[in-house]
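Trainee: need a structure here:
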Amino acid sequence: MIRVWGITMNQEDKAAALSHIAASYSRTDDVLDTKLLKPIGKAGSENEPVYYDVVQDTEADAAAAAAADLPLAFAQPRPSQGDTPTDGSSDDGLVRYCPPASYDAREFTMLRLYDMTPRLIKSVMSELDLRHEDFPFRLSVKEQEIVELTQKPNEPKAPLLAMGRSGTGKTTCIVQRLFHQWCQARDEMKHTPDIAKPMRQLFVTASPTLKDQVAKQFRKLQAAVLSPEEMARVAAATAREYHSLSCIPDEAFPLFLSNHQYLRMLDATVRQPFFRNRDPLTCAILDEVDAADQLEIAWDLEAEAEQDSTDAIATGQPVAATRTASGRRRGRRQAHSDNSGAASGAMHELTYALFERLWSRLDSGIVRDDSERGKKGLESHLVFQEIMSYIKGSAEAIDSDAGILSLEEYLSLGAKRAANYNQELRTVVYSLMQSYQRQKAQHRLYDRPDLVHHLHKQLKKDGYQGIAITHICRDEVQDFVQGELLLDLLVLGPQHAGQLFYCGDTAQSIARGVGFRFTDVKSMLIQQHHQLIQKHRIQVAEPQLHRLDVNYRSHAGILDVANAVVSVMQEYFPLSMDRMPRERA
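Mentor: Numbering: from 1, shown residues only. Now for the predicted structure:
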């Protein structure tokens, strides 16, 4: 293996480059993720490479080494007889391998290594502009397995689940897997254009910022492969704003969407959309208010009613007189809202911020030993999670006719899956949900499970009507409820049901109202695939779950603290997150 440490076209930069190389090389002894290697087989001659397998990690614990999925293979010239063993080796042929560390004393990460392809060399020699162009760097064996994991044409496709803490390379795996698949499809179109089919990948995440960053990384990888003319067509296609998953040019794929965009674009493809008031040409939703307006508008009618009653008492006028004036104002607002038009008549999405304001108005109707409308011992954010993730957002609820679990179905959910409340308190939560539904209808609100259930019902009835999608990836999948993942299967259809890739970490759940575990998602996918096998007579493999436990973003000191915090969380909330091996730097 020949390693090129640096390339510079400027004589003045050579001294700085040499100092960086020396600093990086000297810091390799401090790298924790070192390997002790043993030779595999014998070389035919002293000039042939010898391949090595891992004996065990020299610094990491033996358990993590034993759990390695694949051996690491390195090429190392065998020293001639009489020569001193190479640096880090011993008389029995064992070699200690140290990945190169960053030359910056303030950084505690390893250098990124790139394969010296002709395209890379050409770009470097022409003064590569890293602002617009990039190349895939070498990954760990686990990461590379995820990126390149494919099935043969006659083998059933298996959904891929990757679980890891922050900094373990989940998003990197998504970007490079998307790029790897895109390159394969590009080669097929080039060599077998008559039989090759276009690949259309979707990337979905809850965060618009993360969506933009992932799209930027991917386009830089594309720029290193495409010609300037091809990249110009890609730039033109991706610059357009799309409001429907129909009539999208192939140059715009992979399509990078926030979950908010994805649901509304999917809604534009069904025969009876949830949002009916759309621009006839662009399919853009008209008059959809944003979150800042929701808090002001959703409660103004009730505030007016309360003010009318107060004014009536203060002035001595009949309450009916003040309600007449209020009614005229209410009529004007209702006339405006009638033009916005979700299928249910609701015009505002109910977020957790609105739910908190609604919380004091919810009444379980159950008499208990408290004066809090039966809510004693219940937390608003946990009740919101029960409603969003289980009673309305679970796969069973979304797949039902009503879009809501019955009380008996809710009570039958296992304690591992819905661990917040016992059976008695679940009964109270269900009554609060019914009060929540009434308040929601009264104020013309809808929540995300309402939209998801409507889409699921339409897709099951008429099928997906948009442009054919072949792959769907979701990052930070812990921010989605199960019902949203069901939509992915309906969009892909039976022929691509195995082309799913989900990445996430339940220890990073920040989305209000979402209770998520990878084990539940895996069980759901297995159940859905069994239904596909019975209905369509196709073969779909069971999901594969991969765990990433090496952190490339933080040094060991930070991870010691993080592991201590996670251990406490697992001790006191054992059912709230998936267990993983201890994270290491």
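Trainee: so where's the stretch 151-300 of the chain uncertain?
Mentor: Along the stretch 151-300 of the chain, the parts satisfying pLDDT under 70 run over 151-154, 287-300.
Trainee: 50 - rerun?
Mentor: Applying pLDDT under 50 to the stretch 151-300 of the chain flags residues 291-292, 295.
Trainee: mind listing the strands in it by residue range?
Mentor: 160-164, 201-205, 255-258 (DSSP state E, counting those that start in this stretch).
Trainee: What about Asp13, how many residues nearby?
Mentor: By other CB atoms under 10 Å, the residues close to Asp13 number 12. C-beta here means a position set from N, CA and C on the backbone, and glycine is covered the same way.
Trainee: Tabulate the strands of the stretch 151-300 of the chain (a markdown table), appending distance to Gln437.
Mentor: Output for the strands of the stretch 151-300 of the chain, formatted as a markdown table (distance: least, CB to CB, whole Å):
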| stretch | distance to Gln437 |
| --- | --- |
| strand 160-164 | 33 |
| strand 201-205 | 28 |
| strand 255-258 | 27 |
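Trainee: can you list those in a markdown table and add mean neighbour count and distance to Ala236?
Mentor: A markdown table is the format used below for the strands of the stretch 151-300 of the chain (neighbours: other CB atoms under 10 Å; distance: least, CB to CB, whole Å):
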| stretch | mean neighbour count | distance to Ala236 |
| --- | --- | --- |
| strand 160-164 | 23 | 32 |
| strand 201-205 | 24 | 19 |
| strand 255-258 | 21 | 15 |
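Trainee: Nearest to Ala215, out of those strands?
Mentor: With CB to CB as the criterion, Ala215 lies closest to strand 255-258 of the strands of the stretch 151-300 of the chain, at 3.8 Å.
Trainee: Only C-alpha atoms, please: export that closest one in CSV.
Mentor: The C-alpha trace of strand 255-258 is given here as CSV (Å, rounded to 0.1, in the frame of the first residue of the first chain):
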residue,chain,number,x,y,z
LEU,A,255,-34.5,14.0,-4.5
PHE,A,256,-33.7,15.5,-1.0
LEU,A,257,-36.8,16.4,1.0
SER,A,258,-37.8,17.4,4.5
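Trainee: mind listing what that strand pairs with, with the direction of each?
Mentor: Strand 255-258 has the following strand partners under DSSP bridges: strand 201-205 (parallel).
Trainee: Contacts for the strand it pairs with next, please.
Mentor: By CB atoms under 8 Å, 6 or more residues apart in numbering, the residues outside strand 201-205 that reach it are 174, 178, 181-182, 211, 214-215, 253-259, 262, 469-476, 479, 491.
Trainee: Which residues belonging to stretch 13-32 are considered buried?
Mentor: Going by neighbour count (16 or more other CB atoms under 10 Å), the buried part of stretch 13-32 is His20, Ser24, Arg27, Thr28, Val31, Leu32.
Trainee: can you give me the helices for the stretch 201-350 of the chain?
Mentor: Ranges of helices in the stretch 201-350 of the chain, per DSSP state H, counting those that start in this stretch, are 208-223, 228-239, 259-267, 291-298, 300-315, 319-337.
Trainee: who touches the closest residue to His496 other than its chain neighbours in this structure?
Mentor: Spatial nearest neighbour of His496, chain neighbours left out: Thr470 (5.2 Å); criterion: CB to CB, 6 or more residues apart in numbering. Shown in contact with Thr470 (CB under 8 Å, 6+ apart): Lys197, Pro198, Met199, Arg200, Gln201, Leu492, His496, Gln499.
Trainee: 6 Å instead?
Mentor: When contacts are counted by CB atoms under 6 Å, 6 or more residues apart in numbering, Thr470 touches Met199, Arg200, His496.
Trainee: isn't there a strand covering Tyr382?
Mentor: Actually, residue 382 is Leu. It isn't Tyr. No: Leu382: not assigned to a strand; according to DSSP: H, G, I helix; E, B strand; the rest coil it is helix.
Trainee: quick check, nearest of the buried residues of stretch 13-32 to Leu161?
Mentor: Distance to Leu161 across the buried residues of stretch 13-32 (CB to CB) is lowest for Leu32, with 27.0 Å.
Trainee: From Gly167, how far out is the closest one?
Mentor: According to CB to CB, to the nearest Å, Leu32 stands 14 Å off from Gly167.
Trainee: Could you do Asp505 as well?
Mentor: From Asp505 over to Gly167 the distance is 10 Å, taken as CB to CB.
Trainee: same check, this time on Asn551
Mentor: Between Asn551 and Gly167 the computed distance is 4 Å (CB to CB).
Trainee: Compare these two and say which is more crowded by neighbours.
Mentor: A count of neighbours by other CB under 10 Å puts Asn551 above the other of Asn551 and Gly167, at 23 against 20.
Trainee: so that one touches Glu583, yeah?
Mentor: Yes: using CB atoms under 6 Å as the test, Asn551 is close enough to Glu583 to be in contact (5.5 Å).
Trainee: what touches both of those two?
Mentor: With CB under 6 Å, 6+ apart as the test, Asn551 and Glu583 both reach Leu559.
Trainee: which ones are touching the residue positioned nearest the centre of the chain?
Mentor: For the chain, the residue nearest the mean C-alpha position is Asp475 (1.6 Å; CA atoms, centre = their mean). Neighbouring residues of Asp475 by CB under 6 Å, 6+ apart: Thr171, Ile174, Thr205, Cys503.
Trainee: repeat for Leu94
Mentor: With contact taken as CB under 6 Å, 6+ apart, Leu94 is in contact with Leu36, Lys38.
Trainee: now swap in Val225 and tell me
Mentor: By CB under 6 Å, 6+ apart, Val225 lies in contact with nothing.
Trainee: now with 10 Å?
Mentor: Residues near Val225 by CB atoms under 10 Å, 6 or more residues apart in numbering: Arg119, Glu133, Phe135, Phe179, Trp182, Cys183, Arg186, Met231.
Trainee: Give me the PyMOL select line for these, limited to the buried ones.
Mentor: Those of the contacts of Val225 that count as buried under 16+ other CB under 10 Å are selected in PyMOL with:
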select buried, resi 133+135+179+182+186+231
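Trainee: need the helices for the stretch 51-200 of the chain, in chain order.
Mentor: So, for the stretch 51-200 of the chain - with DSSP H, counting those that start in this stretch - the helices run 62-66, 118-125, 141-148, 170-191.
Trainee: mind putting these in CSV, distance to Ser244 included?
Mentor: Listed next are these as CSV, based on distance: least, CB to CB, whole Å:
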stretch, distance to Ser244
helix 62-66, 47
helix 118-125, 36
helix 141-148, 31
helix 170-191, 22
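Trainee: Ok, which of those comes nearest Thr269?
Mentor: Closest of those to Thr269 is helix 170-191, at 22.6 Å (criterion: CB to CB).
Trainee: Can you pull out the low-pLDDT segments for the protein?
Mentor: Where the chain drops to pLDDT under 50, the residues are 57-87, 291-292, 295, 301, 305, 319-324, 326-341, 343-344.
Trainee: excluding its backbone neighbours, what's nearest Asn585?
Mentor: You called it Asn, but residue 585 is Ala. Ala556 (4.2 Å).
Trainee: Burial check on that neighbour, number of neighbours?
Mentor: Using other CB under 10 Å, the number of residues around Ala556 comes to 14.
Trainee: With Thr192 instead?
Mentor: If you count neighbours by other CB under 10 Å, Thr192 ends up with 9.
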